[in-house]
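Participant: Quick one: sequence and predicted model below, then my questions.
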Amino acid sequence: MKENLLVCMLFWAAMGVTVQSKAINLQPFGVNGQGGSKNGQVIQIGPASDVYELDAFLRIGGLDLNGSKSGVTAQLSLDSLPAGLAYNFSYALGSNTADLFLTYTFSNTTSTVLFSNLTFFAFVDAEIDEATNTFYNEFGTVAGFTGAGIADPSQWQIDEPGFQDGLLLRNLLAGSLNNSNSVPPSALNDVAMSLGFSRNLLWPGDSLQVQVMVSQSGNSMGGFALLQHDQADASTSITLSGQASHGGLSGTIFGDANTNSSPDPGEGLSNVLMVLQGPAGSTMAQAFTDNYGHYDFGTPPGPGPFTVNVAEASLPPNLTNNVAHPIPGTDFSASRILSGTNAVLNWGYSVPSQQFVNVNGQINMGIIQWVLNRATGSLVGTLTITNPVVSTVVFGPPYQVGLKASTNFYYPHPAGTLSDGVPFVDVSSDVKANVSGGLLKAGQNVVLTNSIEVYSLTRSVPPLNLFEIWATQQ
């Protein structure tokens, strides 16, 4: 099936064509962007490499774009796109002649149709050094992090192309790659590579553009790339990378694990419901964030203002403390007027900071009974701790009660000294015995019998303003 490639290379050598090392030489692509020997086009990469097939695929949610064939995805070299969706392809070599740039543009030319859940896939099946080696001594590797940015690929796959037992072509036709490398150095085979890019909505008049780079010089676009290598020649590799243009209203919802207020790889929150409202306040669209926390509403018609809302109830329950939101904007909402520029609206959330602090005024503390030993001056008190019903904070251990300096009162056995220099006794175990985990939620209170002991030189009860209580704000 691929024997023609060797014939093709020998033909070009017989014609006296000099192929530069680290350079790409090519003939024009097909009208829909298809390329490679399978499509009758010569694409030579480096001194002894060729492209067997280069193609692209498009999936649109709710539409079957290839009729009776496998899957629902349009293979752009073979299948038509729905009416009202225009497609344009162009290509160019970089100034170093070793980087090939492929640009795919999809435009919604309708006035009323909204295309949703688009995924574009770039597919490359290249042969590395096929003039001297077999087709089945190649392997693939992955560089960087997928989904780190809104413009980066959202899916990827390295696999044997599908002529024998590979899943790549079948997954492309189904419209979903599996983010795996089936051809590592330990499993040499014929390698093909694919990247997927997603857009939630394509409004009337809106466009989606994806630019893909095929590089013989190791260059890449964005923070993620797939690489195809030859086992026999460590210097021979082909890099596949790309980025998509994001829409007018897009961004990332993230859990800020490293507290830098910016989305980083692995921090994206999936399945967060995002709601788009129009100028009149009515809901125009809803979308859930993808596996990387990205959403992309595209560019809705008109200037707006448009409002993007984060559905608070869809956030993970342990993430309630906002650490980053658009300016201007709030913890869960931001409005923008679109005037020719995109608005990237990111929200970051984290677990509420846990701080051990003086909570006088937040927790209500009282002594409901004092028992006095008049012979010794010892006072044993029953302590109450209440988290008010209107509280928005949960308090947890340690619970430490301090007694400020006084000429008339002192602790007999202080457990230590608080950060403000006040001696304290620890009542954490008593609280834990009354409420699960020692967590005092809004409206809860505990009564700690005979938990406080002080000595009174005057045999009088110490005033409450001498006490302070410390706890951990959850």
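Facilitator: Done, it's in. Numbering: from 1, shown residues only.
Participant: what's stretch 386-394 in contact with?
Facilitator: 362-366, 395, 439-445, 473-474 (C-beta atoms under 8 Å, 6 or more residues apart in numbering). Backbone N, C-alpha and C define where each C-beta goes, glycine included.
Participant: Between which two of those is the distance greatest?
Facilitator: 366 and 474 (22.5 Å; C-beta to C-beta).
Participant: Which single one of the contacts of stretch 386-394 is nearest to residue 144?
Facilitator: Scanning the contacts of stretch 386-394 for proximity to residue 144, where the rule is C-beta to C-beta, the winner is residue 474, at 36.7 Å.
Participant: tally of neighbours for the closest one?
Facilitator: Residues lying near residue 474 (other C-beta atoms under 10 Å) number 15.
Participant: Quick check, it in contact with residue 354.
Facilitator: Yes: counting by C-beta atoms under 8 Å, residue 474 does reach residue 354; the two are 5.9 Å apart.
Participant: For stretch 112-119, which residues meet the burial criterion?
Facilitator: 114-119 (16 or more other C-beta atoms under 10 Å).
Participant: Residue 169 versus residue 157, what's the distance?
Facilitator: Computed as C-beta to C-beta, to the nearest Å, the residue 157 to residue 169 distance reads 10 Å.
Participant: JSON lines for the buried residues of stretch 112-119, including pLDDT, secondary structure and distance to residue 317?
Facilitator: As requested, the buried residues of stretch 112-119 are arranged in JSON lines below (pLDDT from 0 to 100; DSSP: H, G, I helix; E, B strand; the rest coil; distance: C-beta to C-beta, whole Å):
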{"residue": "114", "pLDDT": "96", "secondary structure": "coil", "distance to residue 317": "33"}
{"residue": "115", "pLDDT": "97", "secondary structure": "strand", "distance to residue 317": "34"}
{"residue": "116", "pLDDT": "96", "secondary structure": "strand", "distance to residue 317": "29"}
{"residue": "117", "pLDDT": "95", "secondary structure": "strand", "distance to residue 317": "27"}
{"residue": "118", "pLDDT": "96", "secondary structure": "strand", "distance to residue 317": "32"}
{"residue": "119", "pLDDT": "97", "secondary structure": "strand", "distance to residue 317": "30"}
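Participant: Take these and write them to a markdown table, including distance to residue 456.
Facilitator: Putting the buried residues of stretch 112-119 into a markdown table (distance: C-beta to C-beta, whole Å) gives the following:
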| residue | distance to residue 456 |
| --- | --- |
| 114 | 77 |
| 115 | 80 |
| 116 | 75 |
| 117 | 74 |
| 118 | 77 |
| 119 | 76 |
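Participant: which residues of the stretch 1-150 of the chain fall in helices?
Facilitator: Counting by DSSP state H, counting those that start in this stretch, the stretch 1-150 of the chain has helices at residues 3-14.
Participant: mean confidence for stretch 279-288?
Facilitator: Mean per-residue pLDDT for stretch 279-288: 94.
Participant: ok now that stretch, how far from the chain's centre?
Facilitator: Taking C-alpha atoms, centre = their mean, to the nearest Å, the mean C-alpha location of stretch 279-288 is offset from the chain mean by 22 Å.
Participant: quick one: contacts for residue 240?
Facilitator: Residue 240 is in contact with 122, 124, 193, 195, 212-214, 225-228, counting by C-beta under 8 Å, 6+ apart.
Participant: Quick check: what element follows the strand or helix carrying residue 397 along the chain?
Facilitator: In the assignment (DSSP states H and E), residue 397 maps to strand 395-403. Next helix or strand after strand 395-403 toward the C-terminus (DSSP H and E): strand 409-410.
Participant: residues making contact with the following helix or strand past that following strand?
Facilitator: Where DSSP H and E defines the elements, the next helix or strand beyond strand 409-410 is strand 416-417. With C-beta under 8 Å, 6+ apart as the test, strand 416-417 has contacts from 423-424, 426.
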